[in-house]
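Asker: this one's sequence-less:
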């Protein structure tokens, strides 16, 4: 089984649009972020991280309108991550999500090696 992880960069100031791009309608009445999340889940992603920049209200909107509509099994696969370095753009979002992913991956690898050594 493939252990697929997905990072969705949903942050941004939306200064030109005046509305978070991630919440804009995309196809079939669903938002862009909802489409990306559904696509990741359909491809059996086990670890989906949504980077929201430093916009707490965007995180709350994604949680309430999208994540809360998922099944419990799907919810376990999704995490919202705020940027650890505010206003650092897409690279900041990537950095912050990778900082969450690496400890999870390393912990799994260490557990596998420890169990096989015992």
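Answerer: Perfect, I can see it now. Here the structure is a predicted model, which is why all the values come from computation and not from measurement.
Asker: low pLDDT regions in the chain?
Answerer: For the chain, applying pLDDT under 70 flags the ranges 1-2, 103-118.
Asker: what are the boundaries of the helices in it?
Answerer: In the chain, the helices defined using DSSP state H lie at 32-42, 56-65, 72-75, 89-117.
Asker: what packs against the second one?
Answerer: Using 3 or more CB pairs under 8 Å, 6 or more residues apart in numbering; DSSP states H and E as the contact definition, the elements that helix 56-65 packs against are strand 78-81. Any C-beta I mention is one placed from the backbone N, CA and C, and that applies to glycine too.
Asker: now do the strand it packs on: everything it contacts.
Answerer: For strand 78-81, contacts defined as CB atoms under 8 Å, 6 or more residues apart in numbering pick out 37, 47-52, 59, 62-63, 67, 70, 93, 96-97, 100.
Asker: how far out from the middle of the chain is it?
Answerer: Remark: strand 78-81 is offset 5 Å from the chain centroid, using CA atoms, centre = their mean, to the nearest Å.
Asker: against residue 58, how distant is the residue lying closest to residue 93 once chain neighbours are set aside?
Answerer: Once flanking residues are discounted, residue 93 sits nearest to residue 51: 3.5 Å by CB to CB, 6 or more residues apart in numbering. Distance, residue 51 to residue 58, using CB to CB, to the nearest Å: 10 Å.
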